[in-house]
Structure formats: C-alpha cells, structure tokens
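Novice: here is my input, please return the structure:
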Amino acid sequence: MDIVIRQAQSGEYGPLGEITAQAYLQDGLLDFGGSDPYLDVLRNVAGRAAAAQVLAAVERDRVLGGVTFVPAGGPMADIARSGEAEIRMLAVAHHARGRGVGEALVHACIDRARAVHGCERLVLSTQRTMHAAHRVYERLGFTRTPDRDWNPLPDLDDITLLTYELTL
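Specialist: Prediction:
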C-alpha cells in the first residue's frame, strides 16, 4: 500500500469534500435527495482547513479519503473538552474501502494528538450504523463513552451519536 497521509492541499479540497459527502450519502447517513444542509458542511473542506487540520489519504496523487483533526477546541470541536483533541468527518471513498485507509487516517490523528502539548485524550462521535468504523476505533484502543453520547439535532430523536475516547 503506497498510501500517504498528509495535510490536504487546497487543490484537493473539492475532491475531498465530494468523497466526504458521497460517503455519508452512500452509507445512508443523510438524505439521498441531496437536500440535507449538512452536505454543505461536509463539502466545505476549505472552511474546515481554516479552523482545524484536514488530513488527506493520497495514493499516486489520487485522494482516497480524509479526516478533520481538531487539536484543541475551536469552532470545529463538537465534544472535545480541555485536554482533548477530536476526530471529525472521517471518510473514505467507496472504491478505496477495505484497504486500511480509514485506519491509517485514525493513526495519523492519534500521532498528532500525542504531539499536542497537554493532550490527554482523543475523542470522536460516530453514528450507530457505522459498524466498520466502530471496529477500527476499538481495534486501535478507543473505548465507548456512553455518558457523552449526544444529539446534534435535538428535534430529531433518532440521531443520537455514539462517542469514543482514546487515552493517550
């Protein structure tokens, strides 16, 4: 596997945004009609890169996936507390799944979190149906934190996100 994980370059923002949006759509996590307002957030890689670190998984100049790493608070943090970094919007193109791309992206976030002064934990939120992602997190040592589960859309009862943490 010649996959490189590195900071996303501005010319990759469009493809990475589309990979992220399509991963959520094709996995049935959003409205298939394409009207879900969260699609705009998923596609806005430039906005994420201005507020956090966006990493890309690249093979021979082809973007295979990406993740947003939030080192310490800021506008991109959903659940991170003091002393915690956060993983957001992990996505891998469907054609690249099963090749270790997602795991490599999570490893890169773990390495970055360990390099953040005072960071004690790496946290993330995930949807209930993302079973393959759950297996990756658990294999890498993340544990469930049900007391931190939360609902980003309180008006909709069925959107409770599961949370995980890794003590560094």
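Novice: now do the lowest-mean-pLDDT helix or strand in the chain: which elements does it pack against?
Specialist: Among the helical and strand segments of the chain, the one scoring lowest on mean pLDDT, DSSP states H and E is helix 38-43, with a mean of 90. The contact analysis (3 or more Cβ pairs under 8 Å, 6 or more residues apart in numbering; DSSP states H and E) places helix 38-43 against helix 13-26. Every residue, glycine included, has its C-beta placed from N, CA and C.
Novice: distance from the chain centre to the helix it packs on, please.
Specialist: 12 Å (Cα atoms, centre = their mean, to the nearest Å).
Novice: pull out the buried residues from that helix.
Specialist: 13, 15-25 (16 or more other Cβ atoms under 10 Å).
Novice: quick revisit: just the C-alphas of the helix or strand that the least confident helix or strand of the chain is followed by, formatted as CSV.
Specialist: Of the helices and strands lying after helix 38-43 in sequence (DSSP states H and E), the nearest is helix 45-51. C-alpha atoms of helix 45-51 as CSV (Å, rounded to 0.1, in the frame of the first residue of the first chain):
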residue,chain,number,x,y,z
VAL,A,45,-13.1,21.5,3.2
ALA,A,46,-11.7,25.0,2.9
GLY,A,47,-13.7,26.1,5.9
ARG,A,48,-12.6,23.1,7.9
ALA,A,49,-9.0,23.7,6.9
ALA,A,50,-9.2,27.3,8.2
ALA,A,51,-10.5,26.1,11.6
